[in-house]
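> sharing a model prediction with you, sequence too.
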Amino acid sequence: SAIATGCGGGIGYEVFVPATFALTIVSNGIIGNKVLGGLSVADVSHLYRTAITPAGYAFAIWGPIYLAGAGFAGYCAMNPEFAAKVGPMMTANLAMNAIWIPMFCAEYQIPSLAVIWAMLGTSTAVWQQVGAPSGPAASIGEWLAVRPFTSLYTSWLSGGFTVAPPPPPTK
């Protein structure tokens, strides 16, 4: 359709990817930091200890991931053809990311587990679409804005499942 592809003057993924990235940042910042009350990500992690739980500082990687994500979103905004290629999966991924932390903080473990698995699947699909970090990039912009985000983000999602499996469901 014209809206999904950006053809015919419609809004395309060069808008959808940055918009869902912004939604993710706002949602995760508000809910994850208890701005509206409730539990934070750290609170939930402390409630449900696993055999291997990363130390709090391990989550500092999200600063570089979000910074790289901003570069990725900016690259999509400036490159409609690239955005059309990765946009469907990345828009879905970022929309899921925006709802994952609220679900996790509300202790909806089964739905949040399903969402994070879907996030891993869609981020892996995007990573495959842009190519492995050791392969040739289409431009210096891809090296600087696309590959760091897709590599860090997908690695974190896959590592998170390996290091800290989800606790037994309560909701």
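Sure, I can see it.

> tell me which element residue 154 falls in.
According to DSSP states H and E, residue 154 maps onto helix 147-163.

> so how far is that helix off the chain centroid?
Helix 147-163 has its C-alpha centroid displaced from the chain centroid by 9 Å (C-alpha atoms, centre = their mean, to the nearest Å).

> give me the buried positions along that helix.
Buried residues in helix 147-163, counted by 16 or more other C-beta atoms under 10 Å: 147-154, 156-157, 160. For glycine as for every other residue, the C-beta is placed from the backbone atoms N, C-alpha and C.

> got it, and stretch 90-98?
90-98.

> what's next to that stretch, contact-wise?
Residues outside stretch 90-98 that contact it (C-beta atoms under 8 Å, 6 or more residues apart in numbering) are 13, 16-17, 20-21, 23-24, 26-28, 72, 76, 115-116, 118-119, 122-123, 126.

> one more time with 6 Å
For stretch 90-98, the external contacting residues (C-beta atoms under 6 Å, 6 or more residues apart in numbering) are 16-17, 20-21, 23-24, 27, 115, 118-119, 122-123, 126.

> any idea how far residue 159 is from residue 19?
28 Å (C-beta to C-beta, to the nearest Å).

> pass me the low-pLDDT residue ranges in this structure, would you?
Counting by pLDDT under 70, the ranges of the chain that qualify are 1-10, 52-58, 132-137, 161-171.
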